[in-house]
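K.L.:
sequence below, structure please.
(one chain, ligands or ions: 1)
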Amino acid sequence: MIPRLVILGFAAVLTIVEVIKPLRARQHEPKSRRARRNLAVAGLAATAVQLIEQPVVMPLARLAERRRWGLVHALGLPPWLATMVALVALDYTLYLWHVLVHRSPVLWRFHAVHHADLDLDASTAVRFHFGELALSVPWRAAQIALIGVGPRTLALWQSATLLSVLFHHSNIRLPRAAERLLGYFLVTPSMHGIHHSMDDADMNANWSSGLSVWDRMHGTLRTDVPQDQIRIGVAGHDDPHDVTLPDILVEPFRSS
Ligand SMILES: [Zn+2]
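P.N.:
Modelled structure (predicted):
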């Protein structure tokens, strides 16, 4: 598990660099207004995680370890390799979950709240509707049971994924060589910026959340869209008055 202070410090550094070296300079809403809204959504999401997700997944992970359930135990790997395989398998199945939340109309209603931010920065990384997190619990439980994830590995993956998600949502411009080198292994801010485009072809690309290999493997990687040409958000919801805090919290429950 990565200490909370390290995660908060990382988010603070990203937020400072976003001001000094922005990747997309043009902003559609004031950053402070978006940050307040995104943190409010995140507060509800964190409550859902503490009340619904953690009470299910942590006991399940302890049970999976004790009963030696899942892939890593079936393979009979040494502990260090079992941890590595579990982390990679968790990351891949998160890629599949991300595709699913875009493809399933019900799940998309909730995931669209994350995408409806009109600009993209580190605060968007924690903007997930509490309903999306609640609906992800059965998937997370299946990941733990089928892969055989113990509580320590689960906690490590949760915090590593949070660091990765903060990083690739951030609006920071990396030096070109760093962007290219990192992009071979990890999802970068410019890759994920393309996924947040209103354009369908761009949005249906770059689904990975940690390692970028999954998009390469499935042919869903796009790197050829200039960042200043991307219109961030969800088509049809491009007016800031449509994406206020009450709007986005209620939107998934509205009958269409
Ligand atoms: Zn998405």
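K.L.:
residues in contact with residue 117?
P.N.:
Counting by Cβ atoms under 8 Å, 6 or more residues apart in numbering, residue 117 touches 34, 38, 124, 127, 196, 232, 233, 243. For every residue, glycine as well, the C-beta is placed using N, CA and C.
K.L.:
out of these, which is most surrounded?
P.N.:
residue 124 (27 neighbours; other Cβ atoms under 10 Å).
K.L.:
and that one, how far is that from residue 18?
P.N.:
11 Å (Cβ to Cβ, to the nearest Å).
K.L.:
picking up where we left off before, closest to residue 254 among the contacts of residue 117?
P.N.:
Within the contacts of residue 117, proximity to residue 254 (Cβ to Cβ) peaks at residue 243, which comes in at 13.7 Å.
K.L.:
cross the contacts of residue 117 against helices and list the overlap.
P.N.:
Judged by DSSP state H, those include 34, 38 as members of helices.
K.L.:
from the contacts of residue 117, which one has the minimum pLDDT?
P.N.:
Minimum pLDDT for the contacts of residue 117 is recorded at residue 243 (86).
K.L.:
name the nearest residue to that one, sequence neighbours excluded.
P.N.:
With Cβ to Cβ, 6 or more residues apart in numbering as the criterion, residue 243 has its nearest non-adjacent residue at 4.9 Å, and that residue is residue 116.
K.L.:
residues in contact with the one you found?
P.N.:
Taking Cβ under 8 Å, 6+ apart as the criterion, residue 116 is in contact with 233, 234, 237, 243, 248, 251.
K.L.:
go with 6 Å
P.N.:
By Cβ atoms under 6 Å, 6 or more residues apart in numbering, the contact list for residue 116 reads 234, 237, 243, 248.
K.L.:
on that earlier part again, with distance to residue 146 as extra columns, can I get the contacts of residue 117 in TSV?
P.N.:
Below are these laid out as TSV (distance: Cβ to Cβ, whole Å):
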residue	distance to residue 146
34	37
38	32
124	30
127	29
196	30
232	35
233	35
243	37
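K.L.:
how near is the residue nearest to residue 199 when sequence neighbours are not counted to residue 203?
P.N.:
Of all residues not flanking residue 199 in the chain, residue 231 sits nearest, at 7.3 Å (Cβ to Cβ, 6+ apart). Residue 231 is 11 Å from residue 203, where distance means Cβ to Cβ.
K.L.:
in terms of neighbours, single out the busier of the two.
P.N.:
Higher neighbour count among residue 231 and residue 203: residue 203, with 18 against 14, using other Cβ under 10 Å.
K.L.:
for the more buried one, which non-adjacent residue is closest in space?
P.N.:
Per Cβ to Cβ, 6+ apart, closest to residue 203 is residue 197, 5.6 Å.
K.L.:
who's in contact with stretch 50-68?
P.N.:
Applying Cβ under 6 Å, 6+ apart, the external contacts of stretch 50-68 come out as 70, 134, 137, 140, 141, 144, 145, 148, 149, 150, 151, 154.
K.L.:
highest neighbour count among those residues?
P.N.:
Result: residue 149 is most packed of the contacts of stretch 50-68 (other Cβ under 10 Å), 30 neighbours.
K.L.:
in a helix, that one, correct?
P.N.:
No: counting by DSSP: H, G, I helix; E, B strand; the rest coil, residue 149 is not part of a helix but coil.
K.L.:
and the residue lying farthest from the centre of the chain, helix, strand or coil?
P.N.:
Computed with Cα atoms, centre = their mean, the residue of the chain farthest from its C-alpha average is residue 76, at 30.7 Å. Of the three states, residue 76 takes coil under three-state DSSP.
K.L.:
and the gap between it and residue 7?
P.N.:
From residue 76 across to residue 7, the span is 34 Å (Cβ to Cβ).
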